[in-house]
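Colleague: below is the structure, and that's it, no one-letter string:
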């Protein structure tokens with residue numbers, strides 16, 4: 001009986017370890033997916049520039065973040081076309 005109890009406790013522990021490993025794998029995959037999707041940057045802007053971009057974004061029905069990304073994409077495309 002004692003051996004059976006130990007075996008059952010070991011099985012239970014192994015199941016918990018497996019669940020934890022699965023959870024870690026799931027979280028790692030979430031982090032990897034986020035890393036693939038977009039990179040984050042901290043950007044400091046003057047209040048005047050912020051206001052201009054905010055107004056521009058509003059005029060084009062975009063978020064400020066999307067507007068900044070649009071501006072940067074446009075600048076990169078223009079630079080590539082000049083080369």
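Modeller: Nice, thanks for sending it over. Small disclaimer: the values here were computed from a predicted structure and weren't measured.

Colleague: following element in sequence after the helix or strand hosting residue 32, please.
Modeller: Assigned by DSSP states H and E, residue 32 belongs to helix 2-37. Going down the chain from helix 2-37, the next helix or strand is helix 47-59, by DSSP H and E.

Colleague: return the list of helices and strands in contact with that following helix.
Modeller: helix 64-82 (3 or more CB pairs under 8 Å, 6 or more residues apart in numbering; DSSP states H and E). For the C-beta atoms, the positions are set from N, CA and C on the backbone; glycine is no exception.

Colleague: quick one: the helix it packs on to helix 47-59, angle?
Modeller: 90 degrees (axes from the mean of the first three to the mean of the last three CA atoms, to 10 degrees).

Colleague: how far does the helix or strand of the chain with the lowest mean pLDDT sit from the chain's center?
Modeller: Least confident helix or strand of the chain, by mean pLDDT, DSSP states H and E, is helix 2-37 with a mean of 89. The chain centre lies 23 Å from the centre of helix 2-37; the measure is CA atoms, centre = their mean, to the nearest Å.

Colleague: mind listing what's buried in it?
Modeller: Judged by neighbour count using 16 or more other CB atoms under 10 Å, helix 2-37 contains no buried positions.

Colleague: any idea how far the residue nearest to the spatial centre of the chain lies from residue 72?
Modeller: Nearest residue to the geometric centre of the chain (CA atoms, centre = their mean): residue 34, 3.0 Å. Separation of residue 34 from residue 72 (CB to CB, to the nearest Å): 20 Å.

Colleague: how about residue 14?
Modeller: 50 Å.

Colleague: and what of residue 63?
Modeller: 14 Å.

Colleague: same deal with residue 9?
Modeller: Taken as CB to CB, the span from residue 9 to residue 72 is 57 Å.

Colleague: test my guess that residue 68 contacts residue 53.
Modeller: Yes. Between residue 68 and residue 53 there is a contact under CB atoms under 8 Å: 6.4 Å.
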